[in-house]
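Student: after the sequence you'll find the predicted model.
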Amino acid sequence: MATEPNDYWKTVPILWHFAVGGGLFYGIQKLFKEVEEKLTDDTKLQIAIWLVGVNTTRTVENWPVTFTKMFDRVFGRQHVTWKCFWRSSIASYSALFVSGIVGAFFTKYNLFKQLAIAPEFLVTALLGNVFTDYISLLQTRKFLEIGRASCRERV
């Protein structure tokens, strides 16, 4: 049980998450209820017929090929290239930057004081995140190739 006034602040982020989640849930429920009330019965029937006729099997079976194409467009077809390493580094540093901003927003840290250690952070991130993310990107590429090969076998 929290006894000191500072201990109560530890529960605020948890409560905030529940409040935002509950608000989103309520908003989505209200939106769909309003849309349903405004639709005519004929429109609802047309939507139902369209949903019954949707062929998801063909779309779902081709997702490994589609995802691999998108992956290759972002990172390139060859893994051991400067282009792939550069783009992987940008993705890693972007994720770290967003995490740092969110973390600074929800904690009592002074963001400008944290920027004073930015050079050390960049070096640590390079060794701790960028290289490991680049290696995990190679694993992802291998798994995508396995998925593409299994998709070809089914066809």
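Tutor: Right, received. Where do you want to start? Numbers count the residues shown, from 1 in each chain.
Student: which SSE is G147 in?
Tutor: In this assignment (DSSP states H and E), G147 forms part of helix 131-154.
Student: mind listing the strands for the protein?
Tutor: For the chain, no strands are identified by DSSP state E.
Student: residue closest to the middle of it?
Tutor: A95 (10.0 Å; CA atoms, centre = their mean).
Student: quick one, what contacts that residue?
Tutor: By CB atoms under 8 Å, 6 or more residues apart in numbering, no residues touch A95. Any C-beta I mention is one placed from the backbone N, CA and C, and that applies to glycine too.
Student: which other helices and strands does the helix holding G147 contact?
Tutor: helix 63-75, helix 82-106 (3 or more CB pairs under 8 Å, 6 or more residues apart in numbering; DSSP states H and E).
Student: what angle do the longest one and helix 131-154 make?
Tutor: Right, helix 82-106. 120 degrees (axes from the mean of the first three to the mean of the last three CA atoms, to 10 degrees).
Student: what comes up buried for helix 82-106?
Tutor: 84-85, 87-89, 91-93, 96, 100, 104 (16 or more other CB atoms under 10 Å).
Student: one more: stretch 15-26?
Tutor: For stretch 15-26, it's none, nothing buried (16+ other CB under 10 Å).
Student: list the contacts of stretch 139-148.
Tutor: By CB under 8 Å, 6+ apart, stretch 139-148 touches 64-65, 67-68, 71, 75, 79.
Student: the same query, at a cut-off of 10 Å, please.
Tutor: For stretch 139-148, contacts defined as CB atoms under 10 Å, 6 or more residues apart in numbering pick out 63-72, 75, 77-79, 84, 133.
Student: and the longest helix seen in the chain, what does it pack against?
Tutor: Longest helix in the chain, counting residues (DSSP state H): helix 12-38. Contacts defined by 3 or more CB pairs under 10 Å, 6 or more residues apart in numbering; DSSP states H and E place helix 12-38 against helix 82-106.
Student: how much distance is there from the helix it packs on to the middle of the chain?
Tutor: 13 Å (CA atoms, centre = their mean, to the nearest Å).
Student: mean confidence score for it?
Tutor: Mean pLDDT, helix 82-106: 84.
Student: what does stretch 143-153 give?
Tutor: pLDDT averaged over stretch 143-153 gives 78.
Student: cool, stretch 18-28 as well?
Tutor: 89.
Student: who touches that stretch?
Tutor: Contacts of stretch 18-28 (CB under 10 Å, 6+ apart): none.
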